[in-house]
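Colleague: task: produce atomic coordinates for the following.
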Amino acid sequence: GRAHDDEAVDWERLDFTAEDVAPTADWIKIAAQPGGGGGGGRSTATSLSGLLQQQATVAQQHGTSAGGGTTAPESTLKYTWTQTDDEVEIKFQVGAHVQAKKHVQIKFQPARLKVVVDGEVLADSATGGRIVVDESTFTLQDAGDGRELCITLTKQSEQTVWPQAISTG
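Modeller: Residues are numbered from 1 along each chain as shown. Here you go, the predicted model:
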């Protein structure tokens, strides 16, 4: 079995398959990369949730998803994303003038996300997994010369690794 470290005191025993630990498993390939949580990169993760978030970030930087697929080039969708055991966070850079009530429209659906800022559709795509609509939210904060739109999607199934935040096709 394997243990899931949610950084709480109690541990939960989980079963795994032979495919989960095969040398060809996607998470092993990512963990072995510099910065992928395998101990040979910029930093190492101290928990499973930290490792998952680190893998998603490294995968995005390398043009792959945490599941081994490809993501759209940053120039196409212009977002960054990370994930933990229970949430996916997507960040878009927007103009300094953007105000939440006046300029931002977000539609959360169980398996889809639509993001419109100043009338421009930034995303209208399937999500990497199902979400809890009523627990998903967004914030707008100052970031350098502009603002950052941060969308938090609550995963319907905790402890699942999404291959991508939103679909690219």
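
Colleague: avg pLDDT for the helix or strand hosting residue 125?
Modeller: When elements are assigned from DSSP states H and E, residue 125 belongs to strand 120-126. Throughout strand 120-126, pLDDT has a mean value of 94.

Colleague: give me the below-cutoff pLDDT ranges for the chain.
Modeller: 1-14, 29-77, 168-169 (pLDDT under 70).

Colleague: still on that earlier bit, what packs against the strand holding residue 125?
Modeller: strand 87-94, strand 112-117 (3 or more CB pairs under 8 Å, 6 or more residues apart in numbering; DSSP states H and E). Bear in mind the C-beta positions are built from the backbone N, C-alpha and C, glycine included.

Colleague: figure out which of those is closest to residue 154.
Modeller: strand 87-94 (5.7 Å; CB to CB).

Colleague: which parts of that closest one are buried?
Modeller: Within strand 87-94, the residues scored as buried using 16 or more other CB atoms under 10 Å are 87-92, 94.

Colleague: what's the answer for stretch 130-149, then?
Modeller: Under 16+ other CB under 10 Å, the buried positions of stretch 130-149 are 131, 136, 138, 140, 147-149.

Colleague: before we move on, what about stretch 122-130?
Modeller: So, applying 16+ other CB under 10 Å, buried residues of stretch 122-130: 122-123, 125, 127-129.

Colleague: make CSV from those residues and add distance to residue 22 to it.
Modeller: Shown next, in CSV, are those (distance: CB to CB, whole Å):
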residue, distance to residue 22
122, 37
123, 33
125, 30
127, 27
128, 22
129, 22
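
Colleague: re earlier: export the buried residues of strand 87-94 as TSV, with columns for distance to residue 24.
Modeller: Converted to TSV, the buried residues of strand 87-94 look like this (distance: CB to CB, whole Å):
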residue	distance to residue 24
87	28
88	25
89	29
90	29
91	31
92	34
94	40
